[in-house]
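1. Here is a sequence with its predicted model. Questions after.
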Protein chains: 2
Amino acid sequence: MSPAAPVEPKQSLTADAWAEAALEMIAQSGFDAVAVEPLARRLGVTKGSFYWHFENRDALLRAALERWERAETDDIVARIGPEPDPYQRIVKLFKAANASYRAGRLYLAIAAAEDKPMVQSFVRRVSERRMQYLFECYRALGFSEASAAHWARFAYATFMGNLQIGRDTPELMPTGAEFSEYVKLMIKVLIPREAPPDDDGDPPA
Amino acid sequence: MSPAAPVEPKQSLTADAWAEAALEMIAQSGFDAVAVEPLARRLGVTKGSFYWHFENRDALLRAALERWERAETDDIVARIGPEPDPYQRIVKLFKAANASYRAGRLYLAIAAAEDKPMVQSFVRRVSERRMQYLFECYRALGFSEASAAHWARFAYATFMGNLQIGRDTPELMPTGAEFSEYVKLMIKVLIPREAPPDDDGDPPA
DNA sequence: CTTGCCCCATACGCAAGCGTATGGATAGAC
DNA sequence: GTCTATCCATACGCTTGCGTATGGGGCAAG
């Protein structure tokens, strides 16, 4: 009931500040929790401010989703862009995935609202882009197209599942050294350096 | 806007019918979409009926979650209960996980509402139970405690991630023979029959 | 100092949903 | 046939949030 600490309204608000606040709300309380008046209270202003910056609630959600997509796209290159070795690219991607807790919550919360048509396209683009990146990594490792697609999907599913576990049952996700072991195991299994013997993943070299 | 086809109100409604309708709504439109009056319209009755069967909206959600937990618990034993081979237990679990589309949507939708304190405990129990089951499977395969915990988490994460992918980007999830190949790959990788060489998963025998 | 623009507060009408109060209908008990 | 319990409809007040209308304060230009 107590509306936390309303931030200082110091300067004039920007549309980006509203979008960022919307993303924060999504990460905390889910997509449907994004409401104009509660957000205004959080920002220390009233609706009057909001409806000057935005046409309506949908416009805010669109802006927030665009901001999110941009941030996600920037991250995927900024964090592991200048890495030539495809193996290390996957490793870095894996560690980055478990690094930002907020980013994970954001994805899960936004993806959970995929029934809204507007959300769907954003989630699709972000997911496809990430899996495409993984696909190219496996291709660079020498995997065939079909095999790389399977392994990319596999690895991405594991990313997503770890996010889910970390959110829903954090006590089942280890910390410290044990977590490092866990990550090492997944990396070792999900990035086969030697050729699988027969029917599956193609021999890289 | 058109409220679909209101079902025939034929007989008297039961509390279970309301709970089931709530679960259906959760699977379709998310946890927050469970509202008394829309549900009543769907069932071809009015609020008067609801508030005879339930104290309030929270009671309905609680009943729905209990029904869900019970169904999930029944499934995990009913589908793969009488299977002696732990390897085949994991295989069956894997295939069952990708079998029921609705069950997957339900889990994701409920888990996405983990900010509500009531939901959290249900999701935790269901998740812990499933991972515990996997843990015991890996133990039965000869894995050490630490190793089985890692592999169980790994496998469960992959389950969850595949659910997520199937919901968010279904076009990236193959069908038919290619899907079978994909499942076969994951099973092969996630259930190592031979001992990993050195530092990780313990030799089963 | 006045003018204009940017940013926001206030006040209003409207819709949806929760919970309550109360009455009606139906069916079995007797 | 009356009575009672079960199940539901109707009507009401209340709250929350959306969107609009309108005005006001601050600030720079002139």
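-> Looks like it came in fine.
2. what are the phi and psi values for residue A:15?
-> Reported as degrees, to the nearest 10, the phi and psi values for residue A:15 are phi -60, psi -40.
3. And the nearest residue to it once chain neighbours are set aside, how close does it get to residue A:20?
-> Among residues not flanking residue A:15 along the chain, residue A:53 sits closest, at 4.6 Å (Cβ to Cβ, 6 or more residues apart in numbering or on different chains). In this view, the C-beta of every residue, glycine as well, is placed from N, C-alpha and C. According to Cβ to Cβ, to the nearest Å, residue A:53 and residue A:20 sit 12 Å apart.
4. And residue A:81, by the same measure?
-> According to Cβ to Cβ, residue A:81 stands 24 Å off from residue A:20.
5. can you check residue A:49 too?
-> Distance, residue A:49 to residue A:20, by Cβ to Cβ: 14 Å.
6. Name the residues that touch the lowest-mean-pLDDT helix or strand in chain A?
-> None of the helices or strands of chain A scores lower by mean pLDDT, DSSP states H and E than helix A:86-99, at a mean of 89. The contact list for helix A:86-99 (Cβ atoms under 8 Å, 6 or more residues apart in numbering or on different chains) reads A:75-76, A:79-80, A:83, A:104, A:133-134, A:136-138, A:140-141, A:155, A:159, A:162-163, A:166, A:183, A:186-187, A:190-191, A:193.
7. just stretch A:110-117 next, same as before
-> A:26, A:30-32, A:65, A:68, A:119-120, A:122-123, A:127, B:28-30, B:108-109, B:112, B:164, B:167-168.
8. Check stretch A:54-74 too.
-> Stretch A:54-74 has contacts (Cβ under 8 Å, 6+ apart) with A:15-16, A:18-20, A:22-23, A:26, A:31, A:34-36, A:50, A:103, A:106-107, A:110, A:118-119, A:122, A:125-126, A:129-130.
9. need the helices for chain A, in chain order.
-> All helices of chain A, identified by DSSP state H, fall at A:15-29, A:36-43, A:47-53, A:57-78, A:86-99, A:101-111, A:117-140, A:145-168, A:176-190.
10. Pick the most deeply packed of those.
-> Comparing the helices of chain A by mean neighbour count (mean count of other Cβ atoms under 10 Å in any protein chain shown), helix A:145-168 comes out on top with a mean of 22.
11. From the contact counts, what lies against that helix?
-> Counting contacts by 3 or more Cβ pairs under 8 Å, 6 or more residues apart in numbering or on different chains; DSSP states H and E, helix A:145-168 packs against helix A:86-99, helix A:101-111, helix A:117-140, helix A:176-190, helix B:101-111, helix B:117-140, helix B:145-168, helix B:176-190.
12. Just send those back as CSV, with distance to residue B:40 too.
-> Shown next, in CSV, are the helices and strands packed on helix A:145-168 (distance: least, Cβ to Cβ, whole Å):
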stretch, distance to residue B:40
helix A:86-99, 43
helix A:101-111, 29
helix A:117-140, 26
helix A:176-190, 47
helix B:101-111, 21
helix B:117-140, 22
helix B:145-168, 28
helix B:176-190, 40
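13. Pipe those into a markdown table and attach distance to DNA strand C per row.
-> Below are the helices and strands packed on helix A:145-168 laid out as a markdown table (distance: least, Cβ to the nearest atom of the strand, whole Å):
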| stretch | distance to DNA strand C |
| --- | --- |
| helix A:86-99 | 33 |
| helix A:101-111 | 21 |
| helix A:117-140 | 18 |
| helix A:176-190 | 41 |
| helix B:101-111 | 17 |
| helix B:117-140 | 13 |
| helix B:145-168 | 24 |
| helix B:176-190 | 38 |
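14. Least reliable of those by average pLDDT, please.
-> Ranked by mean pLDDT, the helices and strands packed on helix A:145-168 end with helix A:86-99 at the bottom, a mean of 89.
15. Just want the angle from it to helix A:176-190.
-> 140 degrees (axes from the mean of the first three to the mean of the last three Cα atoms, to 10 degrees).
16. can you list the residues of chain A near DNA strand D?
-> Contacts of chain A with DNA strand D, taken as Cβ under 7 Å from any atom of the strand, map to A:34-38, A:47-48, A:51, A:56-58.
17. let's see it at 10 Å
-> A:1, A:12, A:32-41, A:46-52, A:54-61 (Cβ under 10 Å from any atom of the strand).
18. among these, which are in reach of DNA strand C?
-> Restricting the residues of chain A next to DNA strand D to those within reach of DNA strand C (Cβ under 10 Å from any atom of the strand) leaves A:12, A:37, A:40-41, A:46-52.
19. And the furthest pair within these?
-> The largest separation in these, counting by Cβ to Cβ, is between A:12 and A:37 at 19.5 Å.
20. how does chain A divide into domains?
-> According to automatic domain parsing, chain A comprises the domains A:1-65, A:79-193.
21. Where does chain A get nearest to DNA strand C, residue-wise?
-> Closest contact between chain A and DNA strand C, by Cβ to the nearest atom of the strand, is at residue A:48 (1.8 Å).
22. For that residue, give its distance to residue A:54.
-> 12 Å.
23. any idea how far the residue nearest to residue A:151 when sequence neighbours are not counted lies from DNA strand D?
-> Of all residues not flanking residue A:151 in the chain, residue A:138 sits nearest, at 4.9 Å (Cβ to Cβ, 6+ apart). Counting by Cβ to the nearest atom of the strand, to the nearest Å, the gap from residue A:138 to DNA strand D is 43 Å.
24. Could you verify my assumption that residue A:138 touches residue A:146?
-> No. Between residue A:138 and residue A:146 there is no contact under Cβ atoms under 8 Å: 10.8 Å.
25. re the thing from before, in JSON lines: the ones next to DNA strand C among the residues of chain A next to DNA strand D, plus pLDDT and distance to residue B:94.
-> JSON lines is the format used below for these (pLDDT from 0 to 100; distance: Cβ to Cβ, whole Å):
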{"residue": "A:12", "pLDDT": "74", "distance to residue B:94": "55"}
{"residue": "A:37", "pLDDT": "96", "distance to residue B:94": "46"}
{"residue": "A:40", "pLDDT": "96", "distance to residue B:94": "48"}
{"residue": "A:41", "pLDDT": "95", "distance to residue B:94": "47"}
{"residue": "A:46", "pLDDT": "95", "distance to residue B:94": "53"}
{"residue": "A:47", "pLDDT": "95", "distance to residue B:94": "50"}
{"residue": "A:48", "pLDDT": "94", "distance to residue B:94": "55"}
{"residue": "A:49", "pLDDT": "95", "distance to residue B:94": "51"}
{"residue": "A:50", "pLDDT": "96", "distance to residue B:94": "47"}
{"residue": "A:51", "pLDDT": "96", "distance to residue B:94": "51"}
{"residue": "A:52", "pLDDT": "95", "distance to residue B:94": "53"}
